[in-house]
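1. build me a model:
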Amino acid sequence: MACRIGELVLGCRDPELLARFWCEVLDFVVLDRGDGYVEVGPREGWGGSQPTLFFSRRDEPEPGKTRLHIDVNATDRDQAAELERLLALGARPADIGQSGAESWHVLADPEGNVFCLLKDRIKPI
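-> Predicted coordinates for the structure are as follows:
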């Protein structure tokens, strides 16, 4: 038997801000919130076909560079249209040393966490 990812946990300064952003990006909903955290995920809830995102308040960033980042693919539009949508939601271009010839876009969420918008579309769940 294998494991699967149930949730991805991200320490951040403003869990509510990131929850709103990622709910819009992924068409997720708030599943739970409490003092210092917000968990978002697919409408079917935790344990479904996709992992949830758990934003946990941290006043100080943890030392070192975050090693995990999220890659997203558009489901109902091309990459250029999805890039426009993400930028309108508050994402911003990020430079991590890419050459400019990549087929993906490197972006940062409202707190500066890097994620990538990949070229290929995938089927919605």
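
2. going by C-alpha atoms from here, please, whenever you check contacts or count neighbours.
-> Fine.

3. list the buried residues for stretch 38-47?
-> Buried residues in stretch 38-47, counted by 16 or more other CA atoms under 10 Å: 38-42, 45-46.

4. so of the residues you listed, which ones are in strands?
-> In strands, judged by DSSP state E, the following of these are found: 38-41.

5. now flag whichever of those residues is closest to Ser56.
-> Val38 (6.8 Å; CA to CA).

6. bridged to the closest one, which residues?
-> For Val38, the beta-bridge partners are Arg33, Phe55 (DSSP bridges).

7. how many neighbouring residues does Cys12 have?
-> Residues near Cys12, counting by other CA atoms under 10 Å, number 22.

8. okay, now the unreliable bits of the protein?
-> 1-2, 61-67, 125 (pLDDT under 70).

9. please enumerate the strands of it.
-> Under the criterion DSSP E, the chain contains strands at 7-12, 29-34, 37-41, 52-57, 70-73, 92-93, 105-108, 114-118.

10. how about the ones you listed in a markdown table, adding distance to Arg85?
-> Formatted as a markdown table, these follow (distance: least, CA to CA, whole Å):
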| stretch | distance to Arg85 |
| --- | --- |
| strand 7-12 | 23 |
| strand 29-34 | 18 |
| strand 37-41 | 20 |
| strand 52-57 | 20 |
| strand 70-73 | 13 |
| strand 92-93 | 11 |
| strand 105-108 | 12 |
| strand 114-118 | 11 |
